[in-house]
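S.K.: Structure of the sequence below:
(2 chains, ligands or ions: 1)
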Amino acid sequence: MRKALIFSFLFLLTASLLPAQESMHTVEFQYAGRSVLVPKLGNRVEVIPILALIGAGAEYSLSAGTYVVALGEQRLQFTPGHKLVLANGVLLNTKEAAVPSPGGIAASISFVDQSLLGPLGFRLEPIPQGYRIAPGARFADPVSVRPAAADFAATTTLVLTLDRATAAVAEPAEDGGIVVRFDDSSPRLDPTARLQSRRVRSITSNGREVVIKTSPDIGLLNSHLLDDPPRVIIELGAVIPKPTPAPAQALERSGPPPIVIDPGHGGKDTGAVGGNGLTERDLTMAVAQRLAAELEARGLAVRLTRDDGEGRALTDRTALANRLEAKLFVSLHANASTFSSVRGAETYYMSLDAQATDAAAAATAKLENEAGEASDERSDLDLILWDLAQTSALNESAELAVAVQTRLNALLDLRDRGVKQAPFVVLTGATMPAILVEIGFLSNPAEASRLARPEHQQELARAIATGIEAFLR
Amino acid sequence: MNRRVFWIIAAAGVSLALLVWLLAGPGRRVVNRQEVVEIDALPTPTPAPEQRVMLLFGGSDGMLHPELRSVPMPAEVHERVRMVVLEVLAGPTGDLQPVVPWPAELNVVFVDNKGNAFIDLSAPPEPLTGSHTELLLAYGLVDSILLNCPELTAVQILFGGQEVPTLTGHLDFSRPLVLNKRFIAS
Ligand SMILES: [Zn+2]
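M.R.: Numbers count the residues shown, from 1 in each chain, chains lettered A, B, ... in the order given. So this is what the prediction gives:
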């Protein structure tokens, strides 16, 4: 009996060692005539030896909990357990996360291929004994695309700056606009880029192409590539309009340029809600309608961005103002704070954090493009005019903000929370003086009950209208 | 020799030999031109010296107000960003109010070589409202980080591992934000 127990113990001991040994097997990775056996843990492999094989160093910051992978100028960052990788300044959402392991960090083969080696310009190719690391990005390896635009008298220069060289072709799209096709890369738009142009409505990426929507009758005049840094230069201008009228034509204005009033939020988005049940959505609509009546009584044309109860995307609101070539854009909101004591009205205008540098890049590209041609002087002049236009649009927004805020302070018993600058989504890309007015705090009980009163809504509308009128004079 | 003892010794010897073979055996695969790639050991952390940091929190006037605090500040920028964010998330010690109005966790800190920091917070459990809420949260974090990490130029805040266009429908969170002192009380 005792003997049997000892035997079964020894049998179990050896048997338990076998599967452990089986799961600890290795996978071979080859690169440039060298190879390394990498421990495999379930369906994951140790990452650090693979990176070391291509000469990339991986450093772990213990207190930040982040790995930084460096290869030449390239930098990758990722955090164990989180599905995010920062690849050369571009954020990538990954399907899975890397996990801590005996060797530091382990990840699946697809994570290593797509999220680590891909952004560094390598790809994995299966071979009988494991994988070969090959230089060159696989299709769908990301290329960061940073758009910038410069509007000139008759044309717009659009510059797409790429973070690495790759084949790209710009072509007119079937539905108008332009597509930029990338043969072996997946374009990702740089989220830090701001774009302002009266001839470009939107730039999007579907992962394979960059799609540029243009204003009516604006199309591709020509395009070419520049190196160092790699750029796609696209010239936009008037093209012969297509005979089929776009349904959007119904939206185009007739008559003088209107003032576009944007009642904040709408539809299911109620915005802030006061203790009295008053919603920002309904309040901004009430004040917008009163403001429209005030302005129309002063002989000014007005358009609202939304109907009663109906929602509208933030970017659509500015796009409508641009399309109508609006005189001014005024977005109305009511505020909320975690401090119930905070009250008062504030007026905001846009801050152009990243735009200045992008604008300079676009203008420089136009100069480079035309270097050697006879139009150098004209380009210089265009550049100066364009620069002035940008600065003056911002200065005008600031003037409009001050004019409105002064009336809100003077005509009403509101504490001055002043004029401030911040990058608001709804003001992004507006090509006319544009402001966002916060008419008061719904989180302050006294202010919420006052904002609910029609007489107060009328006072606010009159104050804003007087400010607008003063600015236009 | 007792038969039982003999069997025990024999079995132990066999299993030891088996163990040695198992550990050494499968590694004997021939690999062409294999090189041993040296992996540097993880650096052992040394305690960072304490430094005064300026953290921004909300005041009853609706503006951001500084609170000075001495915390260990590591030399590495990643770690300093993490330290500052954790201190802001921990909240004020005095009369000021937190700028992040839910018990958020800091998931990820990235710093790129253009001076942008990316921080990922756990998402708010329910939708927030008001541009004021959004502005205090954004610049409470962004300005606190940038004032204490002067080598950085901008900070993008992500929520729940995602880039978001906006938090309450006003401020643009889809790109890094630069220092904006207009919300700090003078
Ligand atoms: Zn709002």
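
S.K.: Report the contact partners of the residue of chain B found nearest chain A.
M.R.: Residue nearest to chain A within chain B: B:Gly130 (2.9 Å; C-beta to the nearest C-beta). For every residue, glycine as well, the C-beta is placed using N, CA and C. By C-beta atoms under 8 Å, 6 or more residues apart in numbering or on different chains, the residues touching B:Gly130 are A:Gly271, A:Ala272, A:Asn335, A:Ala336, A:Ser337, A:Phe441, A:Leu442, A:Ser443, B:Thr168.

S.K.: And for B:Pro49?
M.R.: Each residue near B:Pro49 by C-beta under 8 Å, 6+ apart is listed here: B:Pro72, B:Met73.

S.K.: While we're on it, how confident is the model there?
M.R.: B:Pro49 is assigned 80 on the pLDDT scale.

S.K.: Quick check: the gap between it and A:Ala463.
M.R.: Going from B:Pro49 to A:Ala463 by C-beta to C-beta, to the nearest Å gives 54 Å.

S.K.: roughly how far apart are the residue of chain B closest to chain A and the ion?
M.R.: For B:Gly130, the distance to the ion equals 7 Å [C-beta to the ion, to the nearest Å].

S.K.: Who are the packing partners of the longest strand along chain A?
M.R.: For chain A, the strand that runs over the most residues, judged by DSSP state E, is strand A:141-151. In this structure, strand A:141-151 makes packing contacts with strand A:90-93, strand A:155-162, strand A:185-189, strand A:200-205, helix A:355-370, helix A:376-411, judged by 3 or more C-beta pairs under 8 Å, 6 or more residues apart in numbering or on different chains; DSSP states H and E.

S.K.: Looking at the contacts of B:Gly130, spot the one nearest A:Gly118.
M.R.: Nearest to A:Gly118 out of these is B:Thr168 (C-beta to C-beta; 35.4 Å).

S.K.: got the phi/psi numbers for the closest residue to that closest one other than its chain neighbours?
M.R.: Spatial nearest neighbour of B:Thr168, chain neighbours left out: B:Glu134 (4.6 Å); criterion: C-beta to C-beta, 6 or more residues apart in numbering or on different chains. The phi/psi pair for B:Glu134 (degrees, to the nearest 10) reads phi -70, psi -40.

S.K.: my guess is B:Glu134 meets B:Val164, correct?
M.R.: No: with contact defined as C-beta atoms under 8 Å, B:Glu134 does not reach B:Val164; the gap is 10.8 Å.

S.K.: So for the two, which sits in the more crowded spot?
M.R.: More neighbours surround B:Glu134 than the other of B:Glu134 and B:Val164, with 23 against 13 (other C-beta atoms under 10 Å in any protein chain shown).

S.K.: ok, now how distant is that one from the ion?
M.R.: Noted for B:Glu134: a distance of 9 Å to the ion, by C-beta to the ion.

S.K.: If I look at the residue of chain B closest to chain A, what pLDDT would I see?
M.R.: As predicted, B:Gly130 sits at a pLDDT of 95.

S.K.: excluding its backbone neighbours, what's nearest it?
M.R.: Spatial nearest neighbour of B:Gly130, excluding adjacent residues (C-beta to C-beta, 6+ apart): A:Ala336 at 2.9 Å.

S.K.: Could you do B:Pro66 as well?
M.R.: Nearest to B:Pro66 is B:Met54, by C-beta to C-beta, 6+ apart, at 4.8 Å.

S.K.: three-state assignment of that neighbour?
M.R.: Secondary structure, DSSP: H, G, I helix; E, B strand; the rest coil: B:Met54 is strand.

S.K.: same thing with A:Arg317?
M.R.: Strictly by three-state DSSP, A:Arg317 counts as helix.

S.K.: That one contacts A:Asp262, correct?
M.R.: Yes: between A:Arg317 and A:Asp262 there is a contact under C-beta under 8 Å: 4.9 Å.

S.K.: shared neighbours of those two, anything?
M.R.: Taking C-beta under 8 Å, 6+ apart as the criterion, A:Arg317 and A:Asp262 both touch A:Thr305, A:Arg306, A:Ser331, A:Val426.

S.K.: Validate this expectation: the last one resides in a helix.
M.R.: Yes: according to three-state DSSP, the state of A:Val426 is that of a helix.

S.K.: so who does it touch?
M.R.: By C-beta under 8 Å, 6+ apart, the neighbours of A:Val426 are A:Asp262, A:Gly264, A:Leu314, A:Arg317, A:Thr318, A:Ser331, A:Leu436, B:His170.

S.K.: quick one: low-confidence parts of the stretch 201-350 of chain A?
M.R.: For the stretch 201-350 of chain A, the stretches flagged by pLDDT under 70 are A:207, A:240-253, A:309.

S.K.: Around the ion, pick out the residues from it.
M.R.: A:Gly264, A:Gly271, A:His333 (C-beta under 5 Å from the ion).

S.K.: Name the nearest of these relative to A:Val200.
M.R.: Nearest to A:Val200 among those is A:Gly264, at 25.2 Å by C-beta to C-beta.

S.K.: Not counting residues beside it along the chain, what's closest to that closest one?
M.R.: A:His333 (3.9 Å).

S.K.: Can you list phi and psi of A:Glu46 for me?
M.R.: Geometry field for A:Glu46 lists phi and psi as phi -70, psi 130, criterion degrees, to the nearest 10.

S.K.: Could you check how far it is from A:Pro80?
M.R.: In terms of C-beta to C-beta, A:Glu46 sits 13 Å off from A:Pro80.

S.K.: Mutual contacts of those two, please.
M.R.: The contact lists of A:Glu46 and A:Pro80 share A:Ile105, where a contact means C-beta under 8 Å, 6+ apart.

S.K.: Name the residue in the two with the higher neighbour count.
M.R.: Comparing A:Glu46 with A:Pro80 by other C-beta under 10 Å, the one with more neighbours is A:Glu46, at 23 against 17.

S.K.: Hmm, A:Ser108 and the more buried one touching each other?
M.R.: No: contact between A:Glu46 and A:Ser108 fails when scored by C-beta under 8 Å: they sit 11.9 Å apart.

S.K.: Could you chop chain B up by domain?
M.R.: Domains of chain B are assigned by automatic domain parsing as B:2-37, B:50-183.

S.K.: which of those domains is buried the deepest?
M.R.: Comparing those by mean neighbour count (mean count of other C-beta atoms under 10 Å in any protein chain shown), domain B:50-183 ranks first with a mean of 19.

S.K.: With the ion as the reference, measure out to A:Pro445.
M.R.: According to C-beta to the ion, A:Pro445 stands 19 Å off from the ion.

S.K.: In contact with A:Ala56, which residues are there?
M.R.: Taking C-beta under 8 Å, 6+ apart as the criterion, A:Ala56 is in contact with A:Val69, A:Ala70, A:Leu71, A:Leu120.

S.K.: typo on my end, A:Leu332
M.R.: A:Ile261, A:Asp262, A:Pro263, A:Gly264, A:Thr284, A:Val287, A:Ala288, A:Leu291, A:Leu436, A:Val437, A:Ile439.
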